[in-house]
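Peer 1: return atomic coordinates for the entry below.
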Amino acid sequence: MSSKILDEKIAAYPQQPHGGELINQVLKGQELEDAIERSKQLPMIVVDLEAIITLEMIATGVLSPNKGFMNEIDYKSVLTEGRLSNGVVWPVPLSFAPIGDRNKEIIKTLKVGDEVALADESKEAVAILKIEDLFDYDREFRAMHLFGTADRNHPGVDSIYRRMGDTALGGSIHLLRRVHWGPFESIRLEPKDTWKLFYEEKKFNSVGGFITGANPLHRGHEYIHRNALEELDGLFVQPLVEMAKREYTRHEFRMLAYRSVLDTYYPEDRTILAPLRVTYIFAGPREAVLHALIMKNYGCTHALIGRDHAGIGDYYDKYASHTIFDTFTPEELGIDIRLFHEVFYCTRCDSAATEYTCPHDERYRINISGTGIRELLRYGVLPPKEIVRPESARIAMQGIQPKGIDENKQAISPVGKTIKSIFPYYLHRTRLGGAEREVPLEAEQLTIEDLVTAITDVRENADRIYKEIYEEFSYVTDMTRAVQPEWVSDARETLHRHQEMVVEYLEEKVERAADTASDEFMYQDKSEAMRELDVARKIFEDLPSPLRTEQLQYRTWNSLPYQRYRGSDE
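Peer 2: A predicted model of the protein is given here:
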């Protein structure tokens, strides 16, 4: 399908690409053959995998309306205003500043109007860049405006100093060759594919996009997905692949974990799963806006944004990825932003919840921490079913690196930090929903034995809390007693009979007791015996009542004979 025909079709869809045009800079046919031959005569700059991924994103329209790398005017406008110079919202700069001595020598020879071939490690051209601008830039200025910090411990800041050279090249690109996506090649989807899938094949009127990072699918994700599916026609789930930290779950296993859960628990005809191969920018809230625009360019009408979307450590406010959307109007974003607060599992509610929907405190709570879940997998422990489906966790555990613990019985994160992140009650309560500890525990004190205790406690008790509450309600409510186990009533009758025996005995004892005891070790005076009797009677009153059909007859009454309710006038 030609770009013109595709653009005409898209114009009739419920969504439009960002900037109004779905960019296609992928050369085909004779144009491609000519460009390949021309590239052999052009100066060559060798680029790394991250740059190649960005080239492909630009060329296939993922980053529409950008056709290439930004000139200095757009670059500075994006950093300072979060917009291109024409006013279109764009949160992160697309800049190209190659490193390496050989590349620096090539750059010195270039001028505006020149073309340069961009090649991978094999020295084979991947794209051609037509230079429209060359400019130097300030690394600290970039870091402070993009990340809000110049701290080299921030991975995005470190990337600026480590991966970017002194001179940026701006200009449009044309892609000569797509990168093979390895295990994901057969399931990759480009924007041109999803627009057709959503609106021609499936006839959707609305689609919620969800981009997720380094973690296997957990119940917090599922909470967001199910809320969206109650309202929208379709759900488009895109786990990020490649470029993840090596201590994360390997991307192949994350995708397999997603597939296992989606195949089992999601409506097949309304849920689409496809990998998203992007470079990690680590831009915190700005990256959340970028992801929303990427979802838009894939055809999604709604962007589903979680609490800590694209968050990095403690560099940003807890809900910075939400509040940044206040900077832009809905009209200029062009995609409906749905913001979701932090999800946890409340064992008292017996459901996933947020602080906006659940009134219960941490004693009943199991937190859904992506980092904590990864560490449980690393320790070789299947996380609680309440926060991760076993179908997801079992596969993800196979892909976690590194696995196991070191000589100090620790993994990547200290075990105490992992316990605190998922089991918030443990430091202050003896067990889930249990009594307060006399002395709270410190996370630094916790060992792997505490992890075993916490996970065992949750496995045994998480689903007991609401179940036993329900059992209490049903016991005192059911008028059809056949649905109740008889042994409960038997036990309660036994309790009553035995306590009644105690009361009768103590009543006789009070009658016989002397006003003054002759031997304080063998006998009691009347006042002490009377106190024992009062306590025994109160215990009798406190005992739960045994309920059988005959005791509940009073609850069944009707103001009219039954046939009158069925419509008879007789």
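Peer 1: would you say Glu444 is within a strand?
Peer 2: No: judged by DSSP: H, G, I helix; E, B strand; the rest coil, Glu444 forms no part of a strand; its state is helix.
Peer 1: tell me the contacts of it?
Peer 2: Going by CB atoms under 8 Å, 6 or more residues apart in numbering, Glu444 touches Pro414, Gly416. Where C-beta positions appear, they are placed from N, C-alpha and C, glycine not excepted.
Peer 1: what does Ala119 give?
Peer 2: For Ala119, the contacting residues are Met44, Ile45, Val46, Val47, Ala125, Val126, by CB under 8 Å, 6+ apart.
Peer 1: tell me which of the residues you listed fall in strands.
Peer 2: Judged by DSSP state E, strands contain the following of the contacts of Ala119: Met44, Ile45, Val46, Ala125, Val126.
Peer 1: which one of the residues you listed sits closest to Lys104?
Peer 2: Closest approach between these and Lys104, by CB to CB: Ile45, at 9.8 Å.
Peer 1: and the pLDDT for that closest one?
Peer 2: For Ile45, the pLDDT comes out at 95.
Peer 1: what distance do you get for Thr109 to Gly213?
Peer 2: 40 Å (CB to CB, to the nearest Å).
Peer 1: who has more neighbours, those two?
Peer 2: Legend: neighbour count by other CB atoms under 10 Å for Thr109 and Gly213, higher for Gly213 (19 against 9).
Peer 1: I figured that one was touching Gln238, is that so?
Peer 2: No: if you go by CB atoms under 8 Å, Gly213 and Gln238 don't touch, sitting 10.3 Å apart.
Peer 1: low pLDDT regions in the protein?
Peer 2: Scanning the chain with the threshold set as pLDDT under 70 gives 1-5, 242-247, 280-283, 308-316, 518-523, 568-570.
Peer 1: show me the biggest helix of it in terms of residues.
Peer 2: For the chain, the helix with the greatest residue count under DSSP state H is helix 486-512.
Peer 1: now the helix or strand following that one: buried residues?
Peer 2: Remark: after helix 486-512, the chain's next helix or strand is helix 526-542, criterion DSSP states H and E. Neighbour counts over helix 526-542 (16 or more other CB atoms under 10 Å) mark Lys526, Ala529, Met530, Glu532, Leu533, Ala536 as buried.
Peer 1: can you list those in JSON lines and add distance to Gly170?
Peer 2: Shown next, in JSON lines, are those (distance: CB to CB, whole Å):
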{"residue": "Lys526", "distance to Gly170": "101"}
{"residue": "Ala529", "distance to Gly170": "98"}
{"residue": "Met530", "distance to Gly170": "96"}
{"residue": "Glu532", "distance to Gly170": "92"}
{"residue": "Leu533", "distance to Gly170": "94"}
{"residue": "Ala536", "distance to Gly170": "90"}
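Peer 1: picking up where we left off before, from the contacts of Ala119, pick the one nearest His180.
Peer 2: So of the contacts of Ala119, ranked by how close each gets to His180 (CB to CB), first place is Val126, at 11.8 Å.
Peer 1: wait, doesn't that closest one sit right on His180?
Peer 2: No: if you go by CB under 8 Å, Val126 and His180 don't touch, sitting 11.8 Å apart.
Peer 1: which stretches in the stretch 201-350 of the chain count as helices?
Peer 2: Per DSSP state H, counting those that start in this stretch, the stretch 201-350 of the chain carries helices over the ranges 219-229, 251-265, 285-297, 320-323, 330-333.
Peer 1: return the residues in contact with the spatially most central residue of the chain.
Peer 2: The chain has His221 as the residue nearest its centroid, 4.3 Å off, counting by CA atoms, centre = their mean. Neighbouring residues of His221 by CB under 8 Å, 6+ apart: Phe210, Thr212, Gly306.
Peer 1: is Ala51 in contact with Asp120, as I believe?
Peer 2: No: with contact defined as CB under 8 Å, Ala51 does not reach Asp120; the gap is 9.2 Å.
Peer 1: more neighbours, these two?
Peer 2: Ranked by neighbour count (other CB under 10 Å), Ala51 and Asp120 place Ala51 first, with 20 against 17.
Peer 1: who's in contact with the more buried one?
Peer 2: Ala51 neighbours (CB under 8 Å, 6+ apart): Phe96, Pro98, Leu118.
Peer 1: now swap in Met530 and tell me
Peer 2: Val510, Ala513 are the contacts of Met530 under CB under 8 Å, 6+ apart.
Peer 1: quick check: it vs Arg537, distance?
Peer 2: Relative to Arg537, Met530 is positioned 11 Å away (CB to CB).
Peer 1: now do Thr453
Peer 2: As judged by CB to CB, Thr453 and Arg537 stand 41 Å apart.
Peer 1: against which helices or strands is the longest helix of the chain packed?
Peer 2: Helix 486-512 sits against helix 526-542, with contacts defined as 3 or more CB pairs under 8 Å, 6 or more residues apart in numbering; DSSP states H and E.
Peer 1: and the next helix or strand after the helix it packs on, how far out from the chain middle?
Peer 2: With elements assigned by DSSP H and E, the helix or strand that comes after helix 526-542 is helix 562-565. Distance, stretch centre to chain centre, for helix 562-565: 54 Å (CA atoms, centre = their mean, to the nearest Å).
Peer 1: which residue ranges of the stretch 301-450 of the chain form strands?
Peer 2: Taking DSSP state E, counting those that start in this stretch to define them, one finds strands in the stretch 301-450 of the chain at 302-305, 336-339, 344-346, 351-353, 365-367.
Peer 1: which outside residues touch the last one?
Peer 2: The set of residues external to strand 365-367 that reach it, using CB under 8 Å, 6+ apart, is 344-347, 384, 386-387, 421-425, 432, 458, 462.
Peer 1: swap the cut-off to 6 Å and go again
Peer 2: Phe344, Tyr345, Cys346, Pro384, Glu386, Ile387, Ile422, Pro424 (CB atoms under 6 Å, 6 or more residues apart in numbering).
Peer 1: contacting residues around the residue nearest to Ile272 when sequence neighbours are not counted?
Peer 2: Spatial nearest neighbour of Ile272, chain neighbours left out: Phe236 (5.0 Å); criterion: CB to CB, 6 or more residues apart in numbering. Contact partners of Phe236, counting by CB under 6 Å, 6+ apart, are Val207, Gly209, Ile272, Cys300.
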